[in-house]
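Colleague: Need coordinates for the below:
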Amino acid sequence: MKIQIVISILLILISTNCAFSQKAEFPIVKGFGGIYEIPEATESPDPNAHYKIIIDLVSAADDPKQINRMVDNIARMVNLHGIAGVPKENIKVKVAVHGGAIFSILNDADYEKRYGVKNPNLPVFEALKASGVEFYVCGQSLIARNMKTTDVWEGTEIALSMLTTLTTYVPLGYMLMRF
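Modeller: I've put the predicted structure just below:
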């Protein structure tokens, strides 16, 4: 009887450990925004639907020497759709960068002047761009911080403002998310 209890406990521990030892997956944005398969999920994105999302990226990094967790969250959001079977072509994502997040999209030279390290966010932005994500930096935020358009990563476009970017794309059916 005792041996059966011990075996049952061991089987429970082994199965519990296996359930929590999954490896992160990167179905669309390679190397960033790792997510996990949830086989028991009863709600997930429709793999046949088309998604149009605009992200209001305003959050600054907690530590400028680390990837801004909200930048990585953009990659997670895209990958979560991917793991649900939504093809990359069916996910249109635009990011309007402003406020404290503006420093996350600086080019390496200007980032290093400010923080003493190369911009850790640029590899994430590059992977997102390779996945079809578009970036717009608020021109008003640049001016308010005495920055030039040449201070930002070359993979972004300069927008008149974050406000006009949102008012342009939300009426076109883009869902607004704030990070």
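
Colleague: in the strand or helix carrying residue 127, what counts as buried?
Modeller: Under the criterion of DSSP states H and E, residue 127 resides in helix 122-130. In terms of neighbour count (16 or more other Cβ atoms under 10 Å), helix 122-130 has its buried residues at 122, 124, 125, 127, 128, 129. The C-beta positions use only the backbone N, C-alpha and C, and glycine is treated the same way.

Colleague: For it, which outside residues touch it?
Modeller: Contact partners of helix 122-130, identified using Cβ atoms under 8 Å, 6 or more residues apart in numbering, comprise 29-33, 67, 71-72, 74-75, 78, 93, 95, 105, 107-108, 135, 153, 155-156.

Colleague: let's go with 6 Å and repeat that
Modeller: By Cβ atoms under 6 Å, 6 or more residues apart in numbering, the residues outside helix 122-130 that reach it are 29, 30, 31, 32, 67, 71, 75, 153, 155.

Colleague: ok so, going back, can you lay out the buried residues of helix 122-130 as TSV showing pLDDT and distance to residue 165?
Modeller: As requested, these are exported to TSV (pLDDT from 0 to 100; distance: Cβ to Cβ, whole Å):
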residue	pLDDT	distance to residue 165
122	98	21
124	98	20
125	98	17
127	98	22
128	98	17
129	98	17
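
Colleague: circling back: check the contacts of helix 122-130 for burial and list the buried ones.
Modeller: Among these, those buried by neighbour count (16+ other Cβ under 10 Å) are 29, 32, 67, 71, 75, 153, 155.

Colleague: What is the helix or strand just after the helix holding residue 127 packed up against?
Modeller: The helix or strand immediately downstream of helix 122-130 is strand 134-138, counting by DSSP H and E. Using 3 or more Cβ pairs under 6 Å, 6 or more residues apart in numbering; DSSP states H and E as the contact test, the elements touching strand 134-138 are strand 91-97, strand 157-159.

Colleague: Which among these is found nearest to residue 149?
Modeller: Smallest distance to residue 149 across those (Cβ to Cβ): 5.0 Å, for strand 157-159.

Colleague: ok, that closest one: who's next to it in the sheet?
Modeller: Taking DSSP bridges as the criterion, strand 157-159 sits next to strand 134-138 (parallel) in its sheet.
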